[in-house]
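> Whatever this is, show me its structure:
(chains A, B, C and D)
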Number of protein chains: 2
Amino acid sequence: MPIESGAFRRPLAQELISRGVRMTRRRRLLVEIIQGAERHPDAVSLWQRARAQDATLNKVTVYRTLGMLKRQGLVDELDLMHLEGEKHFYEARPTRDHIHLACIKCGRIQEFESSLFEKLKGQIERERRFRIEVVRVEAGGYCDRCQE
Amino acid sequence: MPIESGAFRRPLAQELISRGVRMTRRRRLLVEIIQGAERHPDAVSLWQRARAQDATLNKVTVYRTLGMLKRQGLVDELDLMHLEGEKHFYEARPTRDHIHLACIKCGRIQEFESSLFEKLKGQIERERRFRIEVVRVEAGGYCDRCQE
DNA sequence: TTAGCTGCAAAACCTTTGCAGAACG
DNA sequence: CGTTCTGCAAAGGTTTTGCAGCTAA
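Next comes the predicted model:
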């Protein structure tokens, strides 16, 4: 099922250019796939999809591009409760943070937005004077379809 | 700095025995270290500490024991925002969930409990009919001591 | 006694690094 | 044209697996 991704400030490629990052054919391809993806891809599946359009693209470039996007704060890295090994999953950073719900049984990933979550972040920043840069909330459990 | 760990139902070794899990010398040693730890250990540092008391203990046993404890739901696995590579950190599951705050600059890990967090979990379970088994909240950012 | 744990060695898996050549601006 | 990116090959780090021997109950 498609994942409802939040609205973005603007396309990643455009954002990168405006930040003075060199825009190459490989990077353009990779960020387009990340933004158009219906499921959060891991590095290897991103590579596989990209290779369909550019057979010469190397896996290492995928890792390097993801590293750059993370450093730029333009993608978030997810673990999705390590339901499928130790790989990471990636999504373009949404305008509003959301929670990922990973079903232990069927593997479905749902997203959940909540004003309580926003309040919780505010509470952390206020009470601990902790300036949040990235926040990750993941829950593992049984989705509505997978309860006896 | 010591991490304030929540109160536990009872010692892990005792809990395991009551669940019919075979209690061996290695397991007893490992769960004692996990429970007494002031910082959440990763697999290798757990192994190193344990080896000080039992030089024959193999790293593989640490991974297998951690796997068993995770399956039993007695330890939680943390990523701590991957501040130090891709390893995982472990803590005995507390009676009350808490949030981990990881400082990007100094590496300090703080814990944070909040009734808002409890409410948020309730909201997820109600609105999505998602039965939460494990939940992980991690924030990366700048702690109070590390802001300009 | 016997099911289950453990050490050892090896493999699997994901990710990073060094370097020479290619490409962007 | 210089800086930065990229492919290739190789290494690095973490975690898992197979199997024979050991151990708790």
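> low-confidence ranges in chain A?
For chain A, applying pLDDT under 70 flags the ranges A:1-9.
> tell me, what residue is most central in chain A?
Note on chain A: the residue nearest the mean C-alpha position is A:E91, at 1.9 Å, using Cα atoms, centre = their mean.
> Backbone dihedrals for that residue, both of them.
Dihedral pair for A:E91: phi -140, psi 150, per degrees, to the nearest 10.
> quick one: the nearest residue to A:Q35 once chain neighbours are set aside from A:E138, how far?
Spatially, and ignoring its direct neighbours in sequence, A:Q35 is nearest to A:A92 (5.2 Å; Cβ to Cβ, 6 or more residues apart in numbering or on different chains). Using the backbone N, CA and C atoms, a C-beta is placed for each residue, glycine as well. In this view, A:A92 and A:E138 are 18 Å apart by Cβ to Cβ, to the nearest Å.
> hey, where'd the strands end up in chain A?
Applying DSSP state E to chain A gives strands spanning A:75-78, A:89-92, A:99-103, A:109-112, A:131-142.
> Turn these into CSV, columns for distance to B:R145.
As requested, those are exported to CSV (distance: least, Cβ to Cβ, whole Å):
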stretch, distance to B:R145
strand A:75-78, 25
strand A:89-92, 31
strand A:99-103, 28
strand A:109-112, 33
strand A:131-142, 11
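> Now that A:C103 has come up, it's in contact with A:Y142, right?
Yes: here A:C103 reaches A:Y142: they are 6.3 Å apart, a contact under Cβ atoms under 8 Å.
> how close does the residue nearest to the centre of chain A get to chain B?
According to Cβ to the nearest Cβ, to the nearest Å, A:E91 stands 16 Å off from chain B.
> if we can go back for a sec, now the common contact residues for A:C103 and A:Y142.
B:F130 (Cβ atoms under 8 Å, 6 or more residues apart in numbering or on different chains).
> more crowded one of those two?
Taking other Cβ atoms under 10 Å in any protein chain shown, A:C103 and A:Y142 do not tie; A:C103 has more neighbours (22 against 18).
> Now do the same contact list for A:E138.
A:78-81, A:99-102, B:135-136.
> between those, which is nearest DNA strand C?
Of all the contacts of A:E138, A:D79 has the smallest distance to DNA strand C: 9.1 Å, by Cβ to the nearest atom of the strand.
> mind listing what that closest one touches?
A:88-89, A:136, A:138, B:79.
> A:V135 bridge partners, please.
For A:V135, the beta-bridge partners are B:A139 (DSSP bridges).
> residues near it, how many?
A:V135 has 20 neighbouring residues, counting by other Cβ under 10 Å.
> do the same with the one 10 residues further on
Neighbour count for A:R145, taken as other Cβ under 10 Å: 10.
> is it true that it touches A:C106?
Yes: at 6.8 Å, A:R145 counts as touching A:C106 under the criterion of Cβ under 8 Å.
> With adjacent residues omitted, what lies nearest to A:H82?
B:E77 (7.2 Å).
> how close does that neighbour get to A:L16?
Going from B:E77 to A:L16 by Cβ to Cβ gives 34 Å.
> now do A:G140
Distance from A:G140 to A:L16, by Cβ to Cβ: 33 Å.
> hang on, the earlier thing: for the residue nearest to A:H82, what are its contacts?
A:82, B:66, B:70, B:88-90, B:136.
> Closest one of the residues you listed to DNA strand D?
DNA strand D has its nearest neighbour among these in B:H88, at 3.9 Å by Cβ to the nearest atom of the strand.
> so that closest one makes contact with B:A43?
Yes: between B:H88 and B:A43 there is a contact under Cβ under 8 Å: 6.9 Å.
> Give me the neighbour count for the nearest residue to A:E91 once chain neighbours are set aside.
Closest residue in space to A:E91, ignoring its immediate chain neighbours: A:H40 at 4.9 Å, by Cβ to Cβ, 6+ apart. Burial of A:H40 is recorded as 23 neighbouring residues (other Cβ under 10 Å).
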